[in-house]
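**Student:** quick one, structure for this:
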Amino acid sequence: MDETAAAQDLMLLKRKVNELKQSIKPTDENVLELTAEYPQSPLSLKIDVLTAELDQILDAQTLERAKHYLSRLRKGIDESITGKVNDINILRWKEYTDIITDSLWIIDRRDSSGAHLGWYWGNFIPQIPHQLMLRYSKRREWVLDPFVGSGTTLIECRRLGRNGVGIELNPTVAQKAEELISQERNDFGIKADVIVGDSRSVDIGEILGGRGVSKVQLIIVHPPYHDIIRFSEDERDLSNAKDVGSFLSMLGQVVANVTPFLDEGRYLALVIGDKYQNGVWIPLGFRCMDVILSQGCYSLKSIIVKNFDETRAKRSQQELWRYRALVGGFYVFKHEYIFVFQKVKD
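**Tutor:** Predicted structure coming up:
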């Protein structure tokens, strides 16, 4: 690249760029490892993105523009500029093809790799906490999940190198979650702990203090969708709320309990769906959104719609649900919401 940048003739520069491009050998992983050139901090480049950058230089019509593209490429290799809330190197933003930036998430199937199992009714797909952590947290920061259930969020914490704390009301479910989490590799040496308790009243400050921190940097909230699935006989369980109003009040108590322990400027994500009741669509998601906004310290950053074709409740029953929809005059749920809020003040 240094030799190429020194060229004072456009044709010469393009010839050197083409030589550089031809020297890049494809790999099964689509990654070029520069360990010898960067011994202190080995560098990995995605070959398809690098090749596209070189093609852009080859397409340049002037020497000045070609050198501009070359300089930008070199800067992205040698430097890193990350934001306040994630590890994304903006200088190499084209490489992050795995991060979704659209507000519609079409996800074919649940990630079942590693310790992830779909054994628990109502557990959400691992891709959701995975995406949220990549966008709204840095490695070794802290993530709190007040409805941790089967441990999906904390398994992803281990994979991505985030510390995590999950609260679970049901001791049996909490034990199973701990077993699954322990099966996931912990290459980053992070903490991922499940605490049995009621997220409306459990002492979050004491829990975090026992782990040497006072605040978390991301909260992921995936409560029951009211009474669509009843998870226990415990009256403290949000799925046993006597009506929608009670459910919203209980959710508000959870949010009020965890909010003081989220750093200012950081994010809370709510994963929720709507429901039918007595043949009427209840916009549960948006009513939950209002509960969080009513805390007075959050701004709404995004509303994401995620499809869910294959839920356990609807699996292998597509024809039945289609019949019910035609008879009842409604539409079959194939989406849920991910509301992203930013804490704007303590």
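**Student:** give me phi/psi at the nearest residue in space to D198 that is not next to it in sequence?
**Tutor:** Spatial nearest neighbour of D198, chain neighbours left out: R236 (5.0 Å); criterion: CB to CB, 6 or more residues apart in numbering. Bear in mind the C-beta positions are built from the backbone N, C-alpha and C, glycine included. Backbone torsions for R236, taken as degrees, to the nearest 10, come to phi -80, psi -10.
**Student:** residues contacting R236?
**Tutor:** With contacts defined as CB atoms under 8 Å, 6 or more residues apart in numbering, R236 is in contact with L169, D198, R200.
**Student:** now restrict the residues you listed to buried residues only.
**Tutor:** L169, D198, R200 (16 or more other CB atoms under 10 Å).
**Student:** the second one in helix, strand or coil?
**Tutor:** What that stands for is D198. With DSSP: H, G, I helix; E, B strand; the rest coil as the basis, D198 sits in coil.
**Student:** got the confidence number for it?
**Tutor:** Looking at D198, its pLDDT stands at 97.
**Student:** same deal with the first one?
**Tutor:** Reading off the confidence values, L169 has pLDDT 95.
**Student:** please shift the residue numbers so they start at 24 in all later answers.
**Tutor:** Taking 24 as the first residue, the last one we looked at is L192.
**Student:** please enumerate the strands of the protein.
**Tutor:** All strands of the chain, identified by DSSP state E, fall at 54-57, 66-69, 127-128, 165-168, 186-191, 215-219, 239-244, 285-295, 298-300, 303-305, 321-330, 358-366.
**Student:** show residues contacting the fifth one.
**Tutor:** The reference is to strand 186-191. Applying CB under 8 Å, 6+ apart, the set of residues contacting strand 186-191 is 163-172, 174, 176-177, 180-181, 197, 200, 213-222, 225, 230-231, 234, 236, 239.
**Student:** same question for the second one.
**Tutor:** Contacts of strand 66-69 from elsewhere in the structure, counted by CB under 8 Å, 6+ apart, are N53, V54, L55, E56, L57, T58, E60, I100, E118, T120.
**Student:** which of those residues are buried?
**Tutor:** L55, I100, E118.
**Student:** out of these, who's nearest D32?
**Tutor:** I100 (23.9 Å; CB to CB).
**Student:** R234 versus the closest one, what's the distance?
**Tutor:** Counting by CB to CB, to the nearest Å, the gap from I100 to R234 is 37 Å.
**Student:** my guess is D257 meets M273, correct?
**Tutor:** No. In this structure, D257 is not within contact of M273 by CB atoms under 8 Å, at 11.9 Å.
**Student:** so for the two, which sits in the more crowded spot?
**Tutor:** The residue with more neighbours, out of D257 and M273, is M273; 22 against 12, by other CB atoms under 10 Å.
**Student:** who are the contact partners of that one?
**Tutor:** So M273 contacts R223, L261, A264 (CB under 8 Å, 6+ apart).
**Student:** will you turn those residues into CSV that also has distance to P247?
**Tutor:** Output for the contacts of M273, formatted as CSV (distance: CB to CB, whole Å):
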residue, distance to P247
R223, 13
L261, 5
A264, 9
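**Student:** let me know the closest of those residues to L73.
**Tutor:** L73 has its nearest neighbour among the contacts of M273 in L261, at 48.6 Å by CB to CB.
**Student:** how many other residues sit next to the closest one?
**Tutor:** 24.
**Student:** also V294?
**Tutor:** Applying other CB under 10 Å, I find that V294 has 23 neighbouring residues.
**Student:** what residues are bridge-paired with the closest residue to M312 other than its chain neighbours?
**Tutor:** Using CB to CB, 6+ apart and skipping the chain neighbours, the partner closest in space to M312 is F362 (5.0 Å). Assessed by DSSP bridges, F362 has beta-bridge partners L293, I326.
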